[in-house]
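K.L.:
Let's see this in three dimensions:
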Amino acid sequence: MVSFVLACDTDRDDLELSEAEANELNLIVQEGEWKITSFTHNNVQNTADYTDYVFVFEDANNLTATSNLDEVGGTWRVSNDSGDEFDPYNDVDFHIFFNSAGKLGELANNYDVIAATNNEIRLVLGENADGNTASLTFSKN
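P.N.:
Presented below is the predicted three-dimensional model:
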């Protein structure tokens, strides 16, 4: 079992996360099934829309979200980001993509990792190019 805690300060003045931490998070997320325990999009609480889904982050960056009604495939990736116009910090990023216009498509973004343990991963999306913000928490199922 991997024992790892990642915690990022929110003022970002001394945020320097290593490639090793991104690699460690890759291992954590692939262990078991995950559920969304919190999702806020543009300051609107949307957690209830996802309570039926179980997320499995597989090898080769395949992502599967399964509920009683459907199964949707996507991709995921953890990276040690060097920053861009809308994410200018050197931090660990968690990319989620679903090829879906439905509610799972709403999750598709490049999130900053705020904290990660073996049982919980907390992500945040500062304002992106579309003006969207979000916070997303996965907990081990």
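K.L.:
Excluding chain neighbours, give the residue nearest to the residue nearest the centre of the chain in space.
P.N.:
Most central in the chain under Cα atoms, centre = their mean is residue 94, positioned 4.7 Å from the mean C-alpha point. Among residues not flanking residue 94 along the chain, residue 111 sits closest, at 4.8 Å (Cβ to Cβ, 6 or more residues apart in numbering). Where C-beta positions appear, they are placed from N, C-alpha and C, glycine not excepted.
K.L.:
Where does that neighbour sit, in terms of helix or strand?
P.N.:
strand 109-116 (DSSP states H and E).
K.L.:
Please point out which parts of that strand sit buried.
P.N.:
109-114, 116 (16 or more other Cβ atoms under 10 Å).
K.L.:
and residue 28, helix, strand or coil?
P.N.:
Following DSSP: H, G, I helix; E, B strand; the rest coil, the label given to residue 28 is helix.
K.L.:
For the nearest residue to residue 59 once chain neighbours are set aside, grab phi and psi.
P.N.:
Residue nearest to residue 59 in three dimensions, not counting chain neighbours: residue 30, with 6.9 Å by Cβ to Cβ, 6+ apart. Per-residue torsions, residue 30: phi -80, psi 0 (degrees, to the nearest 10).
K.L.:
Just give me the neighbour total for residue 30.
P.N.:
Neighbours of residue 30 under the rule other Cβ atoms under 10 Å: 14.
K.L.:
now, the most widely separated pair of the buried residues of strand 109-116?
P.N.:
Farthest apart among these by Cβ to Cβ are 109 and 116. That separation is 16.8 Å.
K.L.:
Quick one: mean pLDDT over the strand holding residue 111.
P.N.:
The average pLDDT within strand 109-116 is 90.
K.L.:
same for that strand, what does it pack against?
P.N.:
strand 6-7, helix 19-29, strand 91-98, strand 120-125, strand 134-140 (3 or more Cβ pairs under 8 Å, 6 or more residues apart in numbering; DSSP states H and E).
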